[in-house]
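Asks: just coords:
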């Protein structure tokens, strides 16, 4: 599941002591196809001051708003909350 991947990858990045900018750069190396096209547009927006992504949380929020359908977001949140309770 993508939530588990996010948590695991963030832990790996923290283990190596990477800065937030390095984390964003490393994570973006995995982008392909439509995600890469989207990321190139985001980088242009950042350069022109129309958007700001300075943390991995910013990147994840931005990506989720574009790529994850609303019903799936709700399902992920509910599943994650259930796991936290256990």
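Replies: On my side now, so go ahead. What you see is a predicted model, and the numbers here were worked out from it, not measured in a lab. Residues are numbered from 1 along each chain as shown.
Asks: Where does the prediction get shaky in the chain?
Replies: When residues are selected by pLDDT under 70, those of the chain lie in 1-5, 70-74, 85-86.
Asks: nearest residue to the residue nearest in space to the middle of the chain other than its sequence neighbours?
Replies: With the centre of the chain defined as its mean C-alpha position, the nearest residue by C-alpha atoms, centre = their mean is residue 60, 2.4 Å away. Nearest-residue entry for residue 60: residue 6, 6.2 Å, with adjacent residues in sequence omitted and distances by C-beta to C-beta, 6 or more residues apart in numbering. Placement of C-beta: from N, CA and C, glycine included.
Asks: And that neighbour, how close does it get to residue 30?
Replies: If you measure residue 6 against residue 30 using C-beta to C-beta, to the nearest Å, the figure is 12 Å.
Asks: what about the two, which has more around it?
Replies: A count of neighbours by other C-beta atoms under 10 Å puts residue 6 above the other of residue 6 and residue 30, at 16 against 9.
Asks: any idea how far residue 50 is from the more buried one?
Replies: Applying C-beta to C-beta, the value for residue 6 to residue 50 is 25 Å.
Asks: Would you mark the buried spots in stretch 22-31?
Replies: In terms of neighbour count (16 or more other C-beta atoms under 10 Å), stretch 22-31 has its buried residues at 23-24, 27-28.
Asks: Pull the residues that contact that stretch.
Replies: Contacts with stretch 22-31, where a contact means C-beta atoms under 8 Å, 6 or more residues apart in numbering, come from 9-10, 13, 18, 38-39, 53, 55-56, 59.
Asks: Many thanks, we can stop here.
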